Structures are given as C-alpha cells and as structure tokens.
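> Build me a model from this:
(chains A and B)
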Amino acid sequence: MVARELHREMEVIGIDQRPFDDLPRDIISHRIDIRRRRSRDIFRRSRADAVVHLGLSYDPRRSGRGSHSWNIEVFSSILTFISDFRISRLVLLSNASVYGPHPDNPQFIPEDYPLYGADTFAQIRDIVEIDMLAQSSFWRNPDCSLVILRPVNIVGGVRNPLMGYLRLNHPPTVLGFDPMLQLTHERDVARAVRLSLKPEAKGIFNIAGTGQMPLSMLLRKTGRRGVPMPSPLLRRVSSLASRAMRMDFLPREVDYLMYTCMVDTERAEKVLGFEPRYDMAGCINAILEDRLWKS
Amino acid sequence: MKKPDGEKRFYEALDGRVGASPSALPESLLILARRMLTPDIDRRLDMILRRYHGSRRDPFGFDLGYAAYVLIMAGLVYRYYFRVSMSGVENVPPGGCLLVSNHSGQIPLDGMMIATGLLLEPEEPRLVRSMVEKWAATLPFVNTFFSRCGQIVGRPENLKRLLRRGEIVLAFPEGVKGIVKPFSRAYALSDFGLGFMRLALESDAPVVPVAVIGAEEQYPSLANLEGVARSVRMPGLPLPIQAFVPVLGLLPLPVKYRIIIGEPMTFHGNPDDEDSVIEEKVWAVKHALELMLSKGLKERKHIFW
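Numbering: from 1, shown residues only, chains lettered A, B, ... in the order given. Down below sits the predicted model:
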C-alpha cells in the first residue's frame, strides 16, 4: 500500500522475505532476506535516497527469541547500509504501543513521553529497542535525517494485535473496564509515510485517525460481542488458551483492554502536515470490510 | 453479523449526534427529575450539550447520556439527603478555572456534590471535571463510572488540555491525606500540593477556593489504617464508626452540606519557579480557604440542619 502511494512520484524498490502481492508494475521487488549479502548489492546498485523500514515484525506467536533477534538484526543491517551507502533518510514505522497502556498515562501521550511499553509487555520490547536504536543512530550519523512514525492501532487488512483481537470469535473484555481507543486507517499510515519522505520532515511523529471511542462501542459498531471477564481470570484463561489453542491473544495484552494508550498528534499535524482522512466511521468500515475476518 | 444499514445513519450514531437532546432519558425519570430537582432539567442538559458542540461524548470518555442518569441520582442525594446549600455560584468565572477545595469525608462525595451543585444551581449549568486518584483508575467499574461522568486522572497534561478548552477543573490539593483524615483533625487542612498552582500559572486560569462544610462529619473516622492500606495497595483505609454498625450503618450520616464558593484569585508568575516561590502563592489560597472554613463553621448552628 505504501508502494502504491509512492510509485508515481519516485522509484521504489521493495525488499522482503515474504512474497509481494499486487504491487504496481513499475516497482522492482526482491524477495530475499535483508541480512543476506545480495541485498547489499541491491543497495549499492540502487543508490537510494531513502529507506523506509516497514517490516517491524510484531508477531508474538513466533518463538520470542527468534523474532527478537530477527527484528534487531534486520534493523542493524539497515543501519549499516545507511551509513555505508550514505543514504540520507530513514523512515521507521514504529508503533504507539511503545508507550504502553497504563492507568496514569496522559489521555494524549506526546512524542517525548518515556517508552514504558517494554516493562509490561515483553513482545513490545523489540519495537521499543529498535525505536531507541534508531534515535541513538541519529546522533551517530547526523547526515541521515530520521523519521519515526508511531501510529496507533492500524486497521485494515493488516496483522496486528488489535486486528487479531477483532478477528477472534469471542473477543474477551475486562469486566468493569472500558478504555478509550484511537484507530488509524492503513491508508492514512501510507500517506504519513509519503509525507515523511519530504525533505523538511524530521523527528518522531504520533499518527492517529480523528476521533476516539470506548472499546465497548467499537465492539458494538463492528458487530462483535465481547465476553466480559474479571481481569485475573482473563489473564489465566488467555495464558492457557494462547499456549494450548494458539489463540491470538496474550495475557499481557489484557492491559490494552483496561487502560488507555492514546497519542497526541499535534506534532504530526504541524510539522508533517499530516491530517488523517479517515475518522472513526471510516476506520470501522475498514474493520467491517476486513477480508481476513472469517465470520 | 449485523451491519449497520446506510452509512449516513452510521455516522450520526457514531458521533452520538442523533439529533435528539441528551434527555433521551426514560420519560418517568425525567418527570421525577423535573418534579424533585429542577423543572428545567432538559434545558440544563441541552446547554451542556451545546457547550460540547452537540457531541455527547468527549475524548476523555465523558458520556452525557450516562452522566444524565448519575446527575439525577446525585441530584436526589444533593437535595434530600445532604440538603446542600450552595452559595457564591456567581463567583465562578465563565471560562476555564481551577476550583480548589478542602477534601474530607472518606469517600469523595464532596467532589460529587460540588459538581452536582454547579449543574443544578447556576443560571448556566457547568460541568466540573475533577481529578481522580490514579488508584481509582485501576478499580473495575469505578474507573468507567468516573470517566463516563467526566472525571479524569489528574495528570498535568490532561488538566492543561481541559483548561485550554475553557472547562472547570476541580482540585483537592490535600489529596488522599485530606480525605482520610481522622475526626480528631476535622477541618484542619493538610499540606497542599504545589501542582495545582503551577498548572494555574501555566494556563493563566483563575483559582476559585471552595469550602465544603459538613462532609467532614459524614463518616467520622477514628483512624487511618495505613499499614493495612499499604499491604493491599490502597492509598488509605479509614475506619469510620459506621464500620461497627453493619449494613445500614455503612451509609454516610445525613449531615447538612454547606458549599461556599469564594471569589476567584488570579496569580501571575513563572510556573517553573522554585518551590518556595510557588509555596507562597499556594499559601495564599490555603489561607483564603481556611478563612472561609472558619467563617462557615462559626455560622453553622447545627451539624444536621
């Protein structure tokens, strides 16, 4: 989708291990592991101006250590390419879950808020670490302008915790808790990536669609019926279920059903000129049209 | 699975802008409220709705549809249980301001009564957003109750945002120390936090002292069981005498509440000043509140009426 947004304006090269589907024709794509030597040649030959790293794997279902080392290794090889081939721009698609859900979060978290995501949630640790790694690499390599995007709950045909949760047959909820949520449409994320390739863009930006609503309302609007459970029970059940039945829901994710993790998008509006095109209704339509949902 | 029919209706339902006034309350409840609280309850709810530009919800989780129910229940308690007398409503400035009040009574009914009063008494009803202890946000049901009624976790970022929008923020600078104080220290103000003053300076908001008299006697507490409280991670655990009288005894005593709203005070200065500079300004507010409390106590003839 990002490629579709960009390919009319510039030359795009895609690199991924997984197969690409329905790319526009003028995009060259390579299906290789970026850690291999051959990808180095691709970088050398292309003399790219910018690297957009979208492939932060958030897949807690993989064995923890494997995905951890994979994420970090991939990112550090990208960092090497950037310094070796003098690439002047890196766009990292991070995630608003680096802030983590907490009872005392500000209602709208600004970009300079500490990244507490890792201490409640081991699977977020990779993202937090890469986010920090990117920030520190910026100091080491001042020629490269860095943009980190931290979108909230992306909706659409993507795989992430929220969509996984909404694809459950009986999404559990926590009895007596009903946090407010923000959503981001995948097309808005793609547009934000395009905006962050502009020369003046620099820094960290929270991205979210307009509006917010309680979780219970989201479930109602999308036709899901939540199953309320007290939080200790839900933690127990989900740890059993995720081990035994490979259910797409982890005990640690229970916190997301209890506390808010919403972001302040003022900076993206002012500096990046990003204005979301999709509001809650648009995002909900995207959820309803989700093709991965087997109902 | 049912999908909503027609995108337009979907949109309207989403925003809660369904055209109808928030008094989509059951007719019987409305009649009750009109007869027992205020004849113009619909108009008051509508005015609040207009203040929120026609949207029933706000980003902090406030929901006028839900709050209207709570308002009626709280209003009945306000009128007939505590028989609150509120004076000085004209002192509340029209824009954003910071109400600062003494905290007492073991459970935060004082905040609820101030909020109910400002919805029922003045010409133009105002919604009060008060700061909730972080601990309350971790309690099931309690947290949704507070946030649907417009109460918020007291973080400076949140409060700044609300003040910028011209809302009334209620602060109890004594914090938990104030609310759980035992009966022996009734009406003696505990130490004030400095946060509220920095906030007022930063957002240029006037500070309005509010004295609540009566709440101190609703649950006369013998002691604050701090040790026990800490072991179950509560901020405090008071031991009111009602704890010895089971069931009905757990109700607060039907004391008469007197709420006095003082004149707004404005402060200027650097919000990042040293503590000692801020303390001086805080002391001025505390002193004003102390004067209001002692004057109110002197004028009070009886605890219960």
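
> Quick one: residues contacting whatever residue of the stretch 1-150 of chain B ends up closest to chain A.
When distances are taken as C-beta to the nearest C-beta, the stretch 1-150 of chain B reaches nearest to chain A at B:Pro140, 2.5 Å away. Every residue, glycine included, has its C-beta placed from N, CA and C. Going by C-beta atoms under 8 Å, 6 or more residues apart in numbering or on different chains, B:Pro140 touches A:174-177, A:230-231.

> quick one: pLDDT of it?
B:Pro140 is assigned 87 on the pLDDT scale.

> where's residue 177, which helix or strand?
Using chain A here. Here A:Phe177, judged by DSSP states H and E, is contained in no helix and no strand.

> nope, chain B
Here B:Lys177, judged by DSSP H and E, is contained in helix B:176-179.

> After that helix, which helix or strand is next? Please name it.
The element immediately downstream of helix B:176-179 (helix or strand, assigned by DSSP H and E) is helix B:195-203.

> Let me know the average pLDDT across that following helix.
Rounded mean pLDDT across helix B:195-203 is 91.

> Likewise for stretch B:63-74?
In this model, stretch B:63-74 carries a mean pLDDT of 88.

> That one: which residues count as buried?
B:63-68, B:70-72, B:74 (16 or more other C-beta atoms under 10 Å in any protein chain shown).

> which residues touch it?
Stretch B:63-74 is contacted by residues A:214, B:16, B:22-25, B:29, B:32-33, B:37, B:41, B:45, B:48-49, B:52, B:56-57, B:112-113, B:115-116, B:119, B:145, B:148-150 when judged by C-beta under 8 Å, 6+ apart.

> tell me the angle the longest strand along chain B makes with helix B:195-203.
When chain B is parsed with DSSP state E, its longest strand is strand B:207-213. If you take axes from the mean of the first three to the mean of the last three C-alpha atoms, to 10 degrees, strand B:207-213 sits at 150 degrees to helix B:195-203.

> For strand B:207-213, which helices and strands make contact with it?
strand B:97-101, helix B:109-120, helix B:195-203, strand B:258-261, helix B:275-299 (3 or more C-beta pairs under 8 Å, 6 or more residues apart in numbering or on different chains; DSSP states H and E).

> Adding distance to A:Met280, write the ones you listed out as CSV.
What follows is the helices and strands packed on strand B:207-213, written out as CSV (distance: least, C-beta to C-beta, whole Å):
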stretch, distance to A:Met280
strand B:97-101, 31
helix B:109-120, 28
helix B:195-203, 29
strand B:258-261, 38
helix B:275-299, 41
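
> In a markdown table: these, plus mean neighbour count and distance to chain A.
Below are those laid out as a markdown table (neighbours: other C-beta atoms under 10 Å in any protein chain shown; distance: least, C-beta to the nearest C-beta, whole Å):
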| stretch | mean neighbour count | distance to chain A |
| --- | --- | --- |
| strand B:97-101 | 25 | 18 |
| helix B:109-120 | 24 | 19 |
| helix B:195-203 | 21 | 13 |
| strand B:258-261 | 23 | 27 |
| helix B:275-299 | 15 | 22 |
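
> burial measure for residue 183, as a count.
In the absence of a named chain, chain A is used. Look at A:Leu183: counted by other C-beta atoms under 10 Å in any protein chain shown, it has 28 neighbours.

> wait, I meant chain B there
15.

> can you check A:Pro230 too?
13.

> contacting residues for it?
With contact set as C-beta under 8 Å, 6+ apart, A:Pro230 has these partners: A:174-176, B:140.

> In ChimeraX, how would I select just the buried ones from those?
Only the buried entries of those go into this ChimeraX selection, using 16+ other C-beta under 10 Å:
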select /A:174,176 /B:140
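
> In strands, which of the contacts of A:Pro230 fall?
Short answer: the contacts of A:Pro230 in strands (DSSP E) are A:Val174.

> could the contacts of A:Pro230 be laid out in CSV, adding distance to A:Arg37?
Output for the contacts of A:Pro230, formatted as CSV (distance: C-beta to C-beta, whole Å):
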residue, distance to A:Arg37
A:Val174, 48
A:Leu175, 54
A:Gly176, 55
B:Pro140, 55
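
> now, which of the contacts of A:Pro230 sits nearest B:Leu194?
Closest to B:Leu194 out of those is B:Pro140 (32.2 Å), distances taken as C-beta to C-beta.

> Leaving out sequence neighbours, find the closest residue to that closest one.
A:Gly176 (2.5 Å; C-beta to C-beta, 6 or more residues apart in numbering or on different chains).

> surely that neighbour meets B:Leu139?
Yes - here A:Gly176 reaches B:Leu139: they are 7.5 Å apart, a contact under C-beta atoms under 8 Å.

> tell me, what's touching the two both at once?
Here A:Gly176 and B:Leu139 have no joint contacts, going by C-beta under 8 Å, 6+ apart.

> Tell me the residues of chain A that contact chain B?
Within chain A, the residues that sit near chain B (C-beta under 8 Å from any C-beta of the partner chain) are A:103-108, A:110, A:174-178, A:180, A:211-214, A:221, A:223-224, A:230-231, A:258-259, A:262, A:280-281, A:284-285, A:288, A:295.

> Now restrict those to buried residues only.
Burial by neighbour count, 16+ other C-beta under 10 Å: within those this picks out A:103, A:105-108, A:174, A:176-178, A:180, A:211-214, A:221, A:224, A:231, A:258-259, A:262, A:280-281, A:284-285, A:288.

> From those residues, which land in helices?
Mapping those onto helices (DSSP state H) picks out A:221, A:231, A:280-281, A:284-285, A:288.

> Disregarding residues adjacent in the polypeptide, which is nearest to A:Met163?
Of all residues not flanking A:Met163 in the chain, A:Val155 sits nearest, at 6.4 Å (C-beta to C-beta, 6+ apart).

> how many neighbours does that neighbour have?
A:Val155 has 29 neighbours, counted by other C-beta under 10 Å.

> what's it in contact with, if anything?
A:Val155 sits next to A:162-163, A:183-186, A:283, A:286-287, A:290 when contact means C-beta under 8 Å, 6+ apart.

> Which two among those are spaced furthest apart?
Using C-beta to C-beta, the pair of the contacts of A:Val155 lying farthest apart is A:Thr184 and A:Asp290, separated by 14.4 Å.

> Comparing the two, which shows the higher neighbour count?
A:Thr184 (27 against 18).

> Angles on the backbone of the nearest residue to A:Pro151 once chain neighbours are set aside, please.
Leaving aside its sequence neighbours, A:Pro151 sits nearest to A:Ile207 (C-beta to C-beta, 6+ apart; 3.9 Å). Dihedral pair for A:Ile207: phi -130, psi 130, per degrees, to the nearest 10.

> Let me know whether A:Ile207 touches A:Ala268 as I believe.
Yes - with contact defined as C-beta under 8 Å, A:Ile207 reaches A:Ala268; the gap is 5.7 Å.

> got any residues that touch both of these two?
Between them, A:Ile207 and A:Ala268 share these contacting residues under C-beta under 8 Å, 6+ apart: A:192, A:274.

> Share the number of residues neighbouring the nearest residue to A:Glu253 once chain neighbours are set aside, please.
Nearest residue to A:Glu253, sequence neighbours excluded (C-beta to C-beta, 6+ apart): A:Pro161, at 5.8 Å. Here the number of neighbours of A:Pro161 (other C-beta under 10 Å) works out to 21.
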